[in-house]
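Chemist: kindly return the folded structure for what I paste below:
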Amino acid sequence: MSDLFDALRPGTRVVVRYRLDPPESGLSDALGELLWVSGEGAERRIGVLTKRGEVAIATSSITHAKPVPPPPARRASH
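Modeler: Have a look, this model is predicted:
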């Protein structure tokens, strides 16, 4: 996954599926704006700003990730 995050700029909207800690807890998803990428190797982490706040994720726990388009525009209420 590090190659993907090397190519993406902060501000890109992403969806990330990652293993929870402990791994027996299952998987979770984060959908939002990529805020930062830091560290090297096993210490590499990303930050994603979701509707619920910032989530820090170790890249070693990521199973899938990809950039996604902006959310659809909200319809005007009548």
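Chemist: now do the strands in this structure.
Modeler: For the chain, the strands defined by DSSP state E occupy 13-19, 27-38, 45-50, 53-58, 62-67.
Chemist: including distance to R74, mean pLDDT and mean neighbour count, could the ones you listed go into a markdown table?
Modeler: In this view, the C-beta of every residue, glycine as well, is placed from N, C-alpha and C. Converted to a markdown table, those look like this (distance: least, CB to CB, whole Å; pLDDT from 0 to 100; neighbours: other CB atoms under 10 Å):
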| stretch | distance to R74 | mean pLDDT | mean neighbour count |
| --- | --- | --- | --- |
| strand 13-19 | 16 | 97 | 18 |
| strand 27-38 | 17 | 97 | 15 |
| strand 45-50 | 18 | 97 | 19 |
| strand 53-58 | 21 | 97 | 14 |
| strand 62-67 | 22 | 96 | 14 |
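Chemist: distance to A76 added to these, as CSV?
Modeler: Shown next, in CSV, are the strands of the chain (distance: least, CB to CB, whole Å):
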stretch, distance to A76
strand 13-19, 23
strand 27-38, 24
strand 45-50, 25
strand 53-58, 28
strand 62-67, 28
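Chemist: tell me which of those lies nearest to F5.
Modeler: strand 27-38 (4.8 Å; CB to CB).
Chemist: give the pairing partners of that closest one; include direction for each.
Modeler: strand 13-19 (antiparallel), strand 45-50 (antiparallel) (DSSP bridges).
Chemist: what residues does it touch?
Modeler: The contact list for strand 27-38 (CB atoms under 8 Å, 6 or more residues apart in numbering) reads 5-6, 8-20, 44-51, 54-55, 57, 63, 68.
Chemist: redo that, cut-off 7 Å
Modeler: Residues from elsewhere that reach strand 27-38 (CB atoms under 7 Å, 6 or more residues apart in numbering): 5, 8, 10-20, 45-50, 54-55, 57, 63.
Chemist: tell me the pLDDT at the closest residue to A42 other than its chain neighbours?
Modeler: In space, and not counting its chain neighbours, A42 is closest to S60: 5.8 Å by CB to CB, 6 or more residues apart in numbering. Predicted confidence (pLDDT) for S60: 93.
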